[in-house]
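**Q** pasting a predicted model and its sequence here:
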Amino acid sequence: MGERQSLCLSAIAAHRPRADEIVLVVDGKDEAPLAGLGAVRVVRGRGAGRAAARNDGAGAARGDILVFLDGDMLTAPDFIARHLAGHAQGHAFTRGRIRELIAAAARSRLDEAGPGFPGLRAENLQRDGFAPAGFRASASLLEQAVEACHVEGRTEVPAWLASAGANFAISRRLWRELGGQQERFGRRWGCEDLEFAFRVGRAGAGIAFLPEAAAWHLSHPQPERWQAHEQALALFGELHRDAPDIAALHALLSEKGSLAAYLAALSAQTRMP
């Protein structure tokens, strides 16, 4: 198990309250260090990609609310409580805030933070893109679009962009109704979570964005990221051919993408006969 996964599990061990159960999908060759996590059910993944791994984990879980985290995310001790509070308010799908934690700056500080990383607090994300104190964080292009919709209230940005599979919670009922995530995306990078949230929106279920349910992504190089994403975007468009907001996504989720370019492409798509 790599350093990022060990840090993720260390943060999970400090969650208060703890989850009623922890289902760990091990989708590679390594086993996970489980000390301090309490009762953990380990599921051996099929090596079929992230959608398949999440489907396998959800299938093994017993709870009414499923909270998903990727193995390279850091979370504060109140992470579970924040998502549960959102569901207690009647939301069936909640998505927490994500920041990219630049690894080079973070590595020297993680040991200083101590068990559970108490320095990780949602309120620290409000200070000009730095969070927590001494850590350099940034918002991805997707996250910028998410917050333009859910924080700034820009109605031209689709709400379903708040979908990242690295930090969301959903009722078991809704997960089952939608049939889980689309495994056709396979092992290529990207879009399986976007496609799932698109179906959440089409099913009439609201997407609640919870800035306080924050998670920090330990960024790492992905050499073939954009090439894989182009393939994933093509499949996404094939699955939902009548959606202009999907057809415009290449202007956001590409190597030279931007929120401004996405809004321009979306505007052009909606004007087409």
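**A** On my side now, so go ahead. Numbering: from 1, shown residues only.
**Q** quick one: A61 and V23 touch, right?
**A** Yes. Contact criterion C-beta atoms under 8 Å: A61 and V23 qualify, at 5.0 Å. For every residue, glycine as well, the C-beta is placed using N, CA and C.
**Q** what sits closest to F198 if chain neighbours are left out?
**A** W160 (4.9 Å; C-beta to C-beta, 6 or more residues apart in numbering).
**Q** looking at it, the one you found is touching A203, isn't it?
**A** No. In this structure, W160 sits apart from A203 without contact. The criterion is C-beta under 8 Å, and the distance is 10.7 Å.
**Q** ok, now how distant is G165 from P77?
**A** Plainly put, G165 is 22 Å away from P77 if you go by C-beta to C-beta, to the nearest Å.
**Q** my read is H83 is in a helix, agree?
**A** Yes. If the criterion is DSSP: H, G, I helix; E, B strand; the rest coil, then H83 is within a helix.
**Q** chain neighbours aside, what residue packs nearest to it?
**A** Once its chain neighbours are removed from consideration, H83 has its nearest residue in A169; the separation is 4.1 Å (C-beta to C-beta, 6+ apart).
**Q** can you classify the one you found by secondary structure?
**A** Using three-state DSSP, the secondary structure recorded for A169 is strand.
**Q** what about it, how many neighbours?
**A** A169 sits with 25 neighbouring residues when counted by other C-beta atoms under 10 Å.
**Q** regarding R16, what is its secondary structure?
**A** Following three-state DSSP, we place R16 in the coil state.
**Q** mind checking how far it is from G206?
**A** Distance, R16 to G206, using C-beta to C-beta: 28 Å.
**Q** compare W160 and A203 (neighbour count), which wins?
**A** W160 (23 against 12).
**Q** quick one, phi psi at the more buried one?
**A** phi -70, psi -10 (degrees, to the nearest 10).
**Q** residues touching it, list them.
**A** Taking C-beta atoms under 8 Å, 6 or more residues apart in numbering as the contact definition, W160 lies against L194, A197, F198, V200, G201, I207.
**Q** thinking H250 is in contact with L233, fair?
**A** Yes. In this structure, H250 sits in contact with L233. The criterion is C-beta under 8 Å, and the distance is 5.8 Å.
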